[in-house]
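Colleague: Need coordinates for the below:
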Amino acid sequence: MTEDELLNLDAQHLWHPYTSFSKPTPVLPVIGAEGVHIELANGQKLIDGMSSWWSTIHGYNHPILNKALIDQTQKMSHVMFGGLTHEPAVRLGKKLVDMTCENLQHVFLADSGSVSVEVAIKMSLQYWFAQGNTKKTKLLTARNGYYGDTFGGMAVCDPVNGMHEMFTGVLPQHIFAEAPQTLTENGDSIAWNPKFIHDFKTKLVENHSQIAAVIIEPMVQNAGGMRFYHAEYLQAVRQLCDEYDVLLILDEIATGFGRTGTLFAYEQANIQPDILTVGKALTGGTMTLAATLTSKKVVDGIESDGKGLLMHGPTFMGNPLACSVANASIDLLLESNWQTNIDRLSTQLRDELAICSELDCVKEVRVKGAIGVVELHQSLDTVWSQPQFTKRGVWLRPFGKLVYLMPAYIMQKQHLTTLTRSIYEVLSEWNLAQN
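Modeller: The predicted structure is shown next:
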């Protein structure tokens, strides 16, 4: 198939994410990927600054991950998880329990991050229903959060500034507190103040009798604005959940497996959730897989009605191929100098993105772990900017006012420099065009 044939057929039949079908954002045909590079059909190689939506932490086409897939295909690619089990899933469950906090002892293997959030929400509701409390049907969350595109996840995304405002009135109605205060504002550091938790506390005190759980992204609100917030906020959330007998769900689908500088972001607040969701980097970006981990308290609560059935069962949950590559990815991560790599990337991001602050169009530059963010005063025209990045040999996909980097942990200095330099150059042109 020629490149033109491929693009024509794509335009006729395929609907890409977050775009119009009739007037889609242009797409680039990819024929391969290796390390930190994506190879296009025209032979050009782009340095990927997005880790394919934050998942390919070891880079593309890693031989160890490939071998795990190939070896497993010789045994079985899939078998239903209802009434059956297998070693890849059992090993993965044990690894996840061992690498997370002490109270998380039980694992539900889902097939995508959004589904793992659905499972977490269902767990929290069923926990209370099983104990005869049918009033606890709401979740409390903070504005600017993002939890996926399925209906349960959409219902706890920001109802005004999120991507799902059109579904207001159709989705379940939950309770939203003010977004956490960020660590910085316009480049200035902001010290923790207990007043930052006041609105959240007020919402919880007034509504705790109908709140089943709090759901929040720890330390970083990702797709809702790449906002970094105080560990003290998360500590206060945990304390309030305990005080008012509400479960705490932490969504680490984007932040898990080292991205923020610790293996899991909640470690920076020294707390433990009742329920935890993980995904994205779980398989090193090789296959779709996610997991919902929970505590004995939640399991015992769900089983307190004598039925003990969690009413959820994706067809591909516990898929052997996905579990095998997840096991290999976790081993690869834990056996590497991942923390040194994160620190190295973080330092370079701080040093090289700082110059962007000099541009009038830039509101703030911020870095946390291996996350670099340049926030603009107004949204960047991606139809204009995408070709600008591509011709510089990089793959970046800004959204709204944000141009951000989430590089693979293996990325070398020269490749990251190309990415950061490209951001400065493109924003400099954009800045001139706006003035």
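
Colleague: Can you report how many residues neighbour the closest residue to Leu40 other than its chain neighbours?
Modeller: Leaving out its chain neighbours, the residue that sits closest to Leu40 by C-beta to C-beta, 6 or more residues apart in numbering is Leu28, at 5.5 Å. For the C-beta atoms, the positions are set from N, CA and C on the backbone; glycine is no exception. Other residues near Leu28 come to 16 when the count uses other C-beta atoms under 10 Å.

Colleague: In this protein, which helix is the longest?
Modeller: Determined from DSSP state H, the single longest helix within the chain is helix 413-434.

Colleague: For that one, list the C-alpha coordinates in PDB.
Modeller: Once non-C-alpha atoms are left out, helix 413-434 reads as follows in PDB (Å, rounded to 0.1, in the frame of the first residue of the first chain):
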ATOM      1  CA  LYS A 413      20.900  14.100  26.400                       C
ATOM      2  CA  GLN A 414      21.200  15.000  22.800                       C
ATOM      3  CA  HIS A 415      17.700  13.800  22.000                       C
ATOM      4  CA  LEU A 416      16.100  15.600  24.800                       C
ATOM      5  CA  THR A 417      18.000  18.800  23.800                       C
ATOM      6  CA  THR A 418      16.600  18.500  20.300                       C
ATOM      7  CA  LEU A 419      13.100  18.400  21.900                       C
ATOM      8  CA  THR A 420      13.600  21.300  24.200                       C
ATOM      9  CA  ARG A 421      15.200  23.400  21.500                       C
ATOM     10  CA  SER A 422      12.400  22.700  19.200                       C
ATOM     11  CA  ILE A 423       9.900  23.800  21.800                       C
ATOM     12  CA  TYR A 424      11.700  27.100  22.200                       C
ATOM     13  CA  GLU A 425      12.100  27.700  18.500                       C
ATOM     14  CA  VAL A 426       8.400  26.900  17.700                       C
ATOM     15  CA  LEU A 427       7.100  29.000  20.500                       C
ATOM     16  CA  SER A 428       9.500  31.900  19.500                       C
ATOM     17  CA  GLU A 429       7.900  31.800  16.000                       C
ATOM     18  CA  TRP A 430       4.400  31.600  17.600                       C
ATOM     19  CA  ASN A 431       5.300  34.500  19.900                       C
ATOM     20  CA  LEU A 432       6.300  36.700  17.000                       C
ATOM     21  CA  ALA A 433       3.200  35.900  15.100                       C
ATOM     22  CA  GLN A 434       1.000  37.000  18.100                       C
END
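
Colleague: i'd like the first residue to be 656 from this point on
Modeller: With the count now opening at 656, the last piece we talked about shows up as helix 1068-1089.

Colleague: list the helices and strands it packs on?
Modeller: Applying 3 or more C-beta pairs under 8 Å, 6 or more residues apart in numbering; DSSP states H and E, we find helix 1068-1089 packed against strand 700-703, helix 993-1008, strand 1026-1031, helix 1037-1046, strand 1049-1050, strand 1057-1060.

Colleague: and the residue nearest to Leu695, what is it in contact with?
Modeller: Leu695, Ala696, Thr1045 (C-beta atoms under 8 Å, 6 or more residues apart in numbering).

Colleague: 10 Å - rerun?
Modeller: In this structure, Leu683 makes contact with Glu658, Leu662, Ile693, Leu695, Ala696, Asn697, Gln699, Leu701, Gln1041, Pro1042, Thr1045, Trp1050, judged by C-beta atoms under 10 Å, 6 or more residues apart in numbering.

Colleague: now Ala886
Modeller: Leu838, Trp847, Pro873, Met874, Ala920, Tyr921, Glu922, Gln923, Ala924, Asn925, Ile926.

Colleague: can we see that at 8 Å?
Modeller: Counting by C-beta under 8 Å, 6+ apart, Ala886 has contacts Met874, Gln923, Ala924, Asn925.

Colleague: Kindly provide the distance from the third one to Val875.
Modeller: It refers to Ala924. In this view, Ala924 and Val875 are 12 Å apart by C-beta to C-beta, to the nearest Å.

Colleague: so what's the most centrally placed residue in the chain closest to, chain neighbours aside?
Modeller: Geometric centre of the chain, nearest residue: Ala909, 2.1 Å, by C-alpha atoms, centre = their mean. In this structure, Ala909 finds its nearest non-sequential neighbour in Asn877, 4.2 Å apart by C-beta to C-beta, 6+ apart.

Colleague: same check, this time on Phe763
Modeller: Thr947 (4.4 Å).

Colleague: so what's the one you found bridging to?
Modeller: Phe763, Thr932 (DSSP bridges).

Colleague: OK, contacts around it?
Modeller: Contacts of Thr947 (C-beta under 8 Å, 6+ apart): Val762, Phe763, Ala765, Ser771, Val774, Ala775, Met778, Ile930, Leu931, Thr932.

Colleague: Domain boundaries for the chain, per the record?
Modeller: 658-717+993-1089, 730-989 (automatic domain parsing).

Colleague: Out of these, which is the most enclosed?
Modeller: Neighbour counts (mean count of other C-beta atoms under 10 Å) averaged over each of those peak at domain 730-989, with a mean of 20.

Colleague: still on that earlier bit, select, out of the domains of the chain, the one closest to Ala723.
Modeller: Across the domains of the chain, Ala723 has its closest neighbour in domain 730-989 (3.7 Å, C-beta to C-beta).
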